[in-house]
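Colleague: model the structure of this input:
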Amino acid sequence: MSPSVNPELDLTISRVIKAPRSAIWRAWTDRASFEQWWVPAPARCKVQEMELRPGGSLVTLLSENGGDFVPHLRGCFLAIDELERLVFTNSLVGEWRPAEEPFMTAIITLREHPQGTDYVAHVMHKSNADRAMHEKMGFHDGWGTVTEQLARLVERRS
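Modeller: Residues are numbered from 1 along each chain as shown. Prediction:
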């Protein structure tokens with residue numbers, strides 16, 4: 001079960017992706033697929049760690065303009081419900097260790113839809129200030145772009 005959206009603390013992106021949940025799940029859980037869509041192009045992503053289990057680490061690197069890969073996301077999976085839900089946070093790192101700079105928890109849900117899959121990214125923050133900062137940093141453009149890239153990838157494959 002996912003918590004309800006709190007408009008003071010949360011940001012969301014949702015859309016219907018015209019592909020089966022299994023294709024979206026693979027794009028989220030297969031390192032090579034994940035690297036193809038996780039950051040807005042033309043930037044590139046490299047998965048350093050992806051331990052798909054509660055307490056497992058998720059570490060990605062980012063390369064912009066063909067430059068060196070630099071830290072992007074260091075977090076921890078909280079829940080992995082196959083074909084239905086992925087929950088991760090940067091408030092913890094692998095093995096449930098507290099992170100230095102906690103910022104958000106994301107819940108990705110996949111539900112059947114007559115046209116494919118109802119995809120929702122629900123991102124929760126500890127304060128309204130963090131939510132506002134994430135929005136100002138370009139949440140809707142960034143998460144919207146990667147959701148579009150994900151959709152193109154899985155719709156092309158399906």
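Colleague: hmm, Glu112 and Val16 touching each other?
Modeller: No: with contacts counted by C-beta atoms under 8 Å, Val16 stays clear of Glu112, the gap being 10.7 Å. Yep, even glycine has a C-beta here, placed from its N, CA and C like the rest.
Colleague: those two: which has the busier surroundings?
Modeller: Val16 (14 against 11; other C-beta atoms under 10 Å).
Colleague: quick check: bridge partners of the more buried one?
Modeller: Asp118 (DSSP bridges).
Colleague: ok so, going back, quick check: neighbours shared by Val16 and Glu112?
Modeller: Residues touching both Val16 and Glu112 (C-beta atoms under 8 Å, 6 or more residues apart in numbering): Asp118.
Colleague: who does the lengthiest helix in the chain touch, helix- and strand-wise?
Modeller: Criterion DSSP state H: the longest helix present in the chain is helix 139-157. Under the contact definition 3 or more C-beta pairs under 8 Å, 6 or more residues apart in numbering; DSSP states H and E, helix 139-157 sits against strand 10-17, helix 21-29, helix 31-37, strand 116-125.
Colleague: compute the inter-axis angle for it and helix 21-29.
Modeller: 120 degrees (axes from the mean of the first three to the mean of the last three C-alpha atoms, to 10 degrees).
Colleague: rounded mean pLDDT for helix 139-157, please.
Modeller: Per-residue pLDDT values over helix 139-157 give a mean of 97.
Colleague: again, but for stretch 112-123
Modeller: Rounded mean pLDDT across stretch 112-123 is 98.
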